[in-house]
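Student: Starting from these lines, generate the structure:
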Amino acid sequence: MPQASFDDLVANIRTVSEPARFVAHKSESPEHYTPQTFLEAVREVFNGVIDLDPCAEEKTRPNVKATLHYTIEDNGLEKPWSGTVFMNPPYGREIADWIAKLRKEWTRGECDAIIALLPARTDTEWFEMLTVDTDDAVICFLRGRLTFIGNNDPAPFPSMAVYFGARHDVFASVFGELGSLWQRPSQPREWFVDHS
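Tutor: The predicted model follows:
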């Protein structure tokens, strides 16, 4: 290491008594606008048509090209969902409300398919709520970190795409190129085989 780099590194070391200059894995905003390349994959799974974006940032020039958009003023948590739905909710504390809404709307039976773009936080209560008691969901843990629209750097967290729908094979074919696929088994633990 060059001496100048070493000197800079030593000069920026914090002692325990100094306040932290940053918080690891903190985002400036709870809203993260979906990259178009990701939306192309969503459209491919949905045969080209996204019927609803329940978390749209605006209606006049929305990031997600959908037939119907619910903005914060419309409150997509209160409105019914139907057709093919793409959801990229705010990633703050309200994310659990959006997961509960997703499960409610999927169970209601008016949605043909749902894809949600979410932070891959498998240690949260909302992740458990998302996948418990269902084998309808297939998850793609995305390779690398997404760079959301409006950001110069990749997100400080990994992401996942969650699919609810009947076309698991299509989702697996499209999203299998983007990361690792996972599904909670509906079978009892005895389903797992001892391979020793």
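
Student: Could you pull out the helices in this structure for me?
Tutor: Along the chain, counting by DSSP state H, helices occupy 3-11, 36-45, 95-108, 125-131, 168-175.

Student: Quick one: those helices as JSON lines, columns for distance to L68 too.
Tutor: In short, each C-beta sits where N, CA and C put it, glycine included. Below are the helices of the chain laid out as JSON lines (distance: least, CB to CB, whole Å):
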{"stretch": "helix 3-11", "distance to L68": "52"}
{"stretch": "helix 36-45", "distance to L68": "15"}
{"stretch": "helix 95-108", "distance to L68": "14"}
{"stretch": "helix 125-131", "distance to L68": "23"}
{"stretch": "helix 168-175", "distance to L68": "22"}
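
Student: among these, which is nearest C140?
Tutor: Nearest of the helices of the chain to C140, taken as CB to CB: helix 168-175 at 3.9 Å.

Student: how far away is L68 from T34?
Tutor: Using CB to CB, to the nearest Å, L68 is found at 16 Å from T34.

Student: By mean pLDDT, show me the worst of the helices of the chain.
Tutor: Per-stretch mean pLDDT for the helices of the chain is lowest at helix 3-11 (a mean of 50).

Student: For L52, give me its contacts.
Tutor: Applying CB atoms under 8 Å, 6 or more residues apart in numbering, we find L52 in contact with 66-70, 81-86.

Student: and of these, the nearest to H168?
Tutor: Nearest to H168 among the contacts of L52, with distances taken as CB to CB, is T84, at 15.0 Å.

Student: Mind listing the residues bridging to that closest one?
Tutor: A113 (DSSP bridges).

Student: residues contacting the most centrally placed residue in the chain?
Tutor: The centroid of the chain falls nearest to L118 when counting by CA atoms, centre = their mean (1.6 Å). For L118, the contacting residues are 89, 91, 95, 99, 130, 159-162, by CB under 8 Å, 6+ apart.

Student: and it, how far is that from N152?
Tutor: 22 Å.

Student: This completes my enquiry, with thanks.
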